[in-house]
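Novice: Dropping the sequence and predicted coords here.
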Amino acid sequence: MNKNQELAELLFPGGKTVEEIEKQYPKRNLKTGAEVTRFAPSPTGFMHLGNFFQALIDYQIAKRSGGVFYLRIEDTDRKREISGASSIIMSIMTGYGIIPDEYELKGGVTVGDYGPYYQSERNEIYRAYAKKLVAEGYAFPCFCRKTEGLEDIKEKREKKFSTQITNEDKDVCRNLTFEQIEANIKAGKKFAIRLKSKGDGKRKIKFKDYAKGEVEILENCIDAILLKDDLTPTYNFAHPIDDTLMGTTVVVRGEEWLPSYPLHDEIFNALGYKKPKYIHNPLIYTFNEKGNKIKLSKRKHPEADMRFFDKEGYVKDAVIEYLTNLANSNFENWRKNNPNADYFDFPFDGFKITANTPIFDMVKLNDISKEIISKMTAEQCYEHLLLWAKEFSTENVNYLIKEKDYVIKILNIDREKSKPRKDLYKWSMFFELFDYMFGKPTSYEIDDNEKSEFSKVLKAYKKYLNLNDKDTWFENVKKMSAELGYATDNAEFKKNPEKYKGNVAKVCEYIRIAITGRKNSPDLFEIMTLLGKERVLDILNDLI
Ligand code: GLU
């Protein structure tokens, strides 16, 4: 046994060897070209839209190549962990149909042979690797106080790309003798394990990133922490080990990890493992009030939290389609040309993530959502609405069940036609959008100077109100318009506007405002028919 091996044994007596561990993780038996991807969130109890964006890319790459998509919970930072977080993550993913092939539910089932899928259950593995690196002279114990060690690394990392670090900067623990280490261990001092970097911080390494293209970056020269002083791994150490053992072929992660790539590269090399392909996907931005691009943040933007879309009652397909559009900019065109095609028929290319900064724009999402909802039948809308209400608007559930037929009829206004109306984009807006179907309007979009004419028209209309069929209804409106001095023929009105108070459209607008409170609404006849003659008369009387 050489000195390094002796040191490894002193730090980590006994335990499994890396060779033994590797045997537990045989190469996956997949067809050529099949990719293995993973979604690896920290269990913070919150899923950021940007993380979900990654999961979508992961899922698409795996599914389209006939590979495997798995979920790994990166819970090495216990301070940030929230109990039940992994169930939240799983339920969001499942809700969107982004279902991992392999996963583990805390205290429950494990699906897949490459687990444990919680990093906190893999400490034995990380320690075996740390031991191996110490034995090979590629890592050393560091006895600096925890904060000292970490702060030191953080500071150096920040300096990394501006100044070169020489070996003298490196921590003194790197040069401790075996005897000094032994004395520290005997004195019960805690230690972390750090990489004994061979880099000088001057050479550059190149690699292909599938989102960024060819990347040239300074190699690592930092003695980064591999195991913290509680002997749990850092992300930097767990990543090369887990992704190798679990057979990941493509790592999709946020571009904030790009500066750490050189460190990962050095660890992969130290372990003698082949690196996966990398896609460092751009972070998602949005516009602030001033129209400037800013990062979509949990603190400022409710839509950064995936639960927002459920609460608001967005259809899942709208969210998925919008994110697909951000990932592959050709999606929009494809959708235009294939308006009724199944979403999955779009040839999503995870290796061609749009290079531009993705901007999350609610208006765009709403448009996509309007389009999708406009294609649903009233019955389908009702089912969605009820499902949403059961979770997020419980006070309305009884009403929706009791008045199912009426609600479906409301939903059917201007729907199931070749040019359906496109104003509904989330279920939470249903009661507000159609408030006039559930009670009299509380305000009216009528200008002060028009109020007396408005009232005159409504008075006259009581006599002409007829809801038998659309033609008679409109004929009556026209008759009344003529009587009140409005043009019933638009061409004639355009020719001699001075002869009239306005045209029949103005009269319709007054009736519309009376019934709905608004200048714009879906088909007025349909609304009035649904309300029924009695309610309409009641509204008119009230206003007059
Ligand atoms: N746990 C890391 C994160 O949430 C994962 C990064 C990765 O996918 O490798 O950012």
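Specialist: On my side now, so go ahead. Quick caveat, the model's predicted, so the values are computed rather than measured.
Novice: what about Glu453, is that helix, strand or coil?
Specialist: helix (DSSP: H, G, I helix; E, B strand; the rest coil).
Novice: so it touches Lys501, yeah?
Specialist: Yes - with contacts counted by CB atoms under 8 Å, Glu453 reaches Lys501, the gap being 7.3 Å. Where you see a C-beta, it was placed from the backbone N, CA and C, and this is true even at glycine.
Novice: Can you give me the pLDDT of Arg80?
Specialist: Here, the pLDDT recorded for Arg80 equals 63.
Novice: what's the answer for Glu416, then?
Specialist: Looking at Glu416, its pLDDT is 86.
Novice: what residues are up against whatever residue of the stretch 1-150 of the chain ends up closest to the ligand?
Specialist: Ranked by CB to the nearest ligand atom, the top residue of the stretch 1-150 of the chain for proximity to the ligand is Glu74, at 3.7 Å. Glu74 is in contact with 40-43, 119, 235, 238, counting by CB atoms under 8 Å, 6 or more residues apart in numbering.
Novice: now do 6 Å
Specialist: Contacts for Glu74 (CB atoms under 6 Å, 6 or more residues apart in numbering) come out as 40, 42, 119.
Novice: neighbours of the residue in the stretch 201-350 of the chain that the ligand sits nearest to, just the number please.
Specialist: Nearest to the ligand in the stretch 201-350 of the chain, going by CB to the nearest ligand atom, is Arg253, at a distance of 3.6 Å. For Arg253, the count of nearby residues is 21 (other CB atoms under 10 Å).
Novice: In the protein, mark out all the strands, start to finish.
Specialist: 36-39, 68-71, 103-104, 110-111, 139-142, 192-195, 204-209, 213-218, 225-227, 250-254, 277-281, 285-287, 293-295 (DSSP state E).
Novice: so of the ones you listed, which one's packed in deepest?
Specialist: Comparing the strands of the chain by mean neighbour count (mean count of other CB atoms under 10 Å), strand 36-39 ranks first with a mean of 28.
Novice: Output the strands of the chain as JSON lines; include the columns mean pLDDT.
Specialist: Listed next are those as JSON lines, based on pLDDT from 0 to 100:
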{"stretch": "strand 36-39", "mean pLDDT": "98"}
{"stretch": "strand 68-71", "mean pLDDT": "98"}
{"stretch": "strand 103-104", "mean pLDDT": "93"}
{"stretch": "strand 110-111", "mean pLDDT": "94"}
{"stretch": "strand 139-142", "mean pLDDT": "95"}
{"stretch": "strand 192-195", "mean pLDDT": "94"}
{"stretch": "strand 204-209", "mean pLDDT": "95"}
{"stretch": "strand 213-218", "mean pLDDT": "94"}
{"stretch": "strand 225-227", "mean pLDDT": "95"}
{"stretch": "strand 250-254", "mean pLDDT": "96"}
{"stretch": "strand 277-281", "mean pLDDT": "96"}
{"stretch": "strand 285-287", "mean pLDDT": "92"}
{"stretch": "strand 293-295", "mean pLDDT": "93"}
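Novice: tell me the contacts of whatever residue of the stretch 401-544 of the chain ends up closest to the ligand?
Specialist: Residue of the stretch 401-544 of the chain nearest the ligand, by CB to the nearest ligand atom: Lys426 (28.2 Å). When contacts are counted by CB under 6 Å, 6+ apart, Lys426 touches 312-314.
Novice: The residue in the stretch 351-500 of the chain that the ligand sits nearest to: neighbouring residues, count only.
Specialist: Per CB to the nearest ligand atom, Ile353 is where the stretch 351-500 of the chain lies closest to the ligand, at 14.5 Å. The tally of other residues near Ile353 (other CB under 10 Å) stands at 22.
Novice: and what of the one 5 residues further on?
Specialist: Close neighbours of Pro358, defined as other CB under 10 Å, add up to 23.
Novice: Going forward, the N-terminal residue is numbered 605.
Specialist: Sure thing, new numbering starts at 605, so read that last one as Pro962.
Novice: Find the residue closest to it in space, skipping its chain neighbours.
Specialist: Computed as CB to CB, 6 or more residues apart in numbering, the closest residue to Pro962 that is not its neighbour in sequence is Leu930, at 3.9 Å.
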